[in-house]
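Novice: Prediction below, plus the sequence it came from.
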Amino acid sequence: MTTVLLTGASGYIGKHIALRLLNEGYSVRASVRTLTKGDEVRASVLPHLNHTIDMASKLSFVELDLEKDTGWEDALKGVDVLMHTASPFPLASPKDENDLIKPAVEGTLRALKAAHASGVKRVVLTSSIAAIYGNILPAGKSEFDETMWTDVTHPIGRMAYTKSKTLAEKAAWDYIKSDAPEIELTTINPVLVLGAPLDNNFGASVSVIERMLKAKDPMVPDLSFSIVDVKDVALMHVKALSIESSKNERFIASARTVSFIEIAKILKSSYPKRKIVTMKAPNLVIRLLALFDSDIKSILPSLGDKTGASSRKAQEKLGINFISVEASIIETAAFLIKNGR
């Protein structure tokens with residue numbers, strides 16, 4: 001029986017990974033910042049659990065903090081796999097970038113060092129496309145892929161969240177190379193993650209659709225994002241455990257690249273009676289607003305950029321047939337509307 005320590009289990013992606021692991025027969029030791037969060041995870045997973053799975057014997061909880069050493073080595077005793085998903089993901093940039101960078105980098109290293117000390121030799125790390133796309137696309141390339149790394153001095157790369165994910169993933173690879181070569185690492189690098197959450201406690205990515213459904217903005221900026229369904233992200237994490245060729249590899253999780261305007265039109269087509277903004281904001285307006293808003297300023301390098309992220313490697317090595325972007329957007333919107341969000 002394979003036991004997985006899943007960090008960040010109460011997160012949007014973490015809950016989906018916990019569900020997928022349990023349904024595929026793994027035992028899950030889930031880490032949460034406070035044990036009361038364990039009840040939230042149980043309640044979210046239970047309605048979707050295969051009836052043959054005994055959750056009481058397969059799912060347990062430990063209290064861990066990314067910024068504290070307490071409990072990590074004990075949590076990893078008897079564990080076969082570390083699946084590290086825990087990392088801060090804010091909707092707005094913090095005043096101090098170290099509020100993101102420090103827990104992301106130190107938390108990743110804390111988890112890896114504890115895994116090494118406990119003899120764990122298999123690690124799957126949730127990274128991000130943010131660790132890949134913050135750079136100039138190399139000559140001859142039309143998409144970002146897993147061979148590329150964000151440059152933290154690039155206008156996109158130096159954004160706090162982008163920098164935190166880049167430095168955390170680099171720290172993981174560097175630690176294994178120098179201190180723990182026996183650990184076999186796989187990183188999953190999702191783009192913008194959508195799809196129905198398992199409960200009403202979800203992260204910043206879903207709030208993008210929530211904002212559009214509520215017509216919070218008078219116009220839509222000329223921005224494009226690659227999108228992936230949360231169920232596919234969970235599937236990639238779990239598939240990596242049984243596929244030998246996934247070891248010591250990075251995998252982008254992406255279905256397709258779409259613009260904000262396309263997202264708005266998909267929502268408008270599905271909900272024609274709702275007030276959903278589909279008018280594109282002139283770039284000049286965005287640039288003027290950026291003079292007064294640092295969060296808007298941070299998107300300026302991406303205006304008009306439609307460069308995508310290649311998921312060919314995930315399709316070929318992990319056998320992923322990605323859920324369509326349209327299905328993910330509509331499912332996310334349906335969840336939000338049903339739950340009065």
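Specialist: Alright, I've got the coordinates. Remember, predicted model here, so these are calculated numbers, not experimental data.

Novice: pretty sure residue 329 contacts residue 192?
Specialist: No: Residue 329 lies out of contact with residue 192 (Cβ atoms under 8 Å); the separation is 10.5 Å. No exception for glycine: its C-beta is placed from N, CA and C like everyone else's.

Novice: hey, what's in contact with both of the two?
Specialist: residue 227 (Cβ atoms under 8 Å, 6 or more residues apart in numbering).

Novice: quick one: which of the two has more around it?
Specialist: residue 329 (24 against 20; other Cβ atoms under 10 Å).

Novice: Could you export the helix or strand encompassing the more buried one as CSV, CA atoms only?
Specialist: Using DSSP states H and E, the element containing residue 329 is helix 325-338. C-alpha atoms of helix 325-338 as CSV (Å, rounded to 0.1, in the frame of the first residue of the first chain):
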residue,chain,number,x,y,z
VAL,A,325,-11.2,25.1,-22.1
GLU,A,326,-14.9,25.7,-22.9
ALA,A,327,-16.0,22.9,-20.6
SER,A,328,-13.8,24.1,-17.7
ILE,A,329,-15.1,27.7,-18.0
ILE,A,330,-18.7,26.6,-18.2
GLU,A,331,-18.4,24.2,-15.3
THR,A,332,-16.7,26.8,-13.2
ALA,A,333,-19.4,29.3,-13.9
ALA,A,334,-22.2,26.8,-13.2
PHE,A,335,-20.6,26.0,-9.8
LEU,A,336,-20.4,29.7,-8.9
ILE,A,337,-23.9,30.5,-9.9
LYS,A,338,-25.3,27.4,-8.2
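
Novice: which parts of that helix are buried?
Specialist: Residues of helix 325-338 classed as buried: 325, 326, 328, 329, 330, 331, 332, 333, 335, 336 (neighbour count, 16 or more other Cβ atoms under 10 Å).

Novice: As CSV, these with distance to residue 178 and pLDDT would be great.
Specialist: Output for the buried residues of helix 325-338, formatted as CSV (distance: Cβ to Cβ, whole Å; pLDDT from 0 to 100):
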residue, distance to residue 178, pLDDT
325, 39, 98
326, 44, 97
328, 39, 98
329, 42, 97
330, 46, 97
331, 43, 97
332, 41, 97
333, 46, 97
335, 44, 96
336, 45, 96
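
Novice: Any idea how far apart the tips of stretch 126-142 sit?
Specialist: By Cα to Cα, to the nearest Å, the extent of stretch 126-142 from end to end equals 25 Å.

Novice: What segments of the protein are strands?
Specialist: Assigned by DSSP state E, the strands in the chain fall at 3-7, 27-32, 59-63, 81-84, 122-126, 143-144, 184-190, 192-194, 224-229, 249-253, 256-259, 308-309.

Novice: Of all those, which one is nearest residue 111?
Specialist: Closest to residue 111 of the strands of the chain, according to Cβ to Cβ: strand 81-84, at 4.8 Å.

Novice: That closest one pairs with which strands, and in what direction?
Specialist: When pairing is defined by DSSP bridges, strand 81-84 lines up against strand 3-7 (parallel), strand 122-126 (parallel).

Novice: Take those and write them to CSV, including distance to residue 242 and mean neighbour count.
Specialist: CSV is the format used below for these (distance: least, Cβ to Cβ, whole Å; neighbours: other Cβ atoms under 10 Å):
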stretch, distance to residue 242, mean neighbour count
strand 3-7, 12, 25
strand 122-126, 11, 24
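
Novice: Minimum distance to residue 161: which of the ones you listed has it?
Specialist: Each of the strands paired with strand 81-84 has some distance to residue 161 by Cβ to Cβ; the shortest is strand 122-126, at 13.7 Å.

Novice: Show me what the helix or strand bottoming out on mean pLDDT in the chain is packed up against.
Specialist: Every helix and strand in the chain was compared by mean pLDDT, DSSP states H and E; the lowest is helix 294-297, with a mean of 73. Contacting helix 294-297 under the criterion 3 or more Cβ pairs under 8 Å, 6 or more residues apart in numbering; DSSP states H and E are the following elements: helix 283-290.

Novice: could you give the mean pLDDT of the helix it packs on?
Specialist: Averaging pLDDT along helix 283-290 yields 84.
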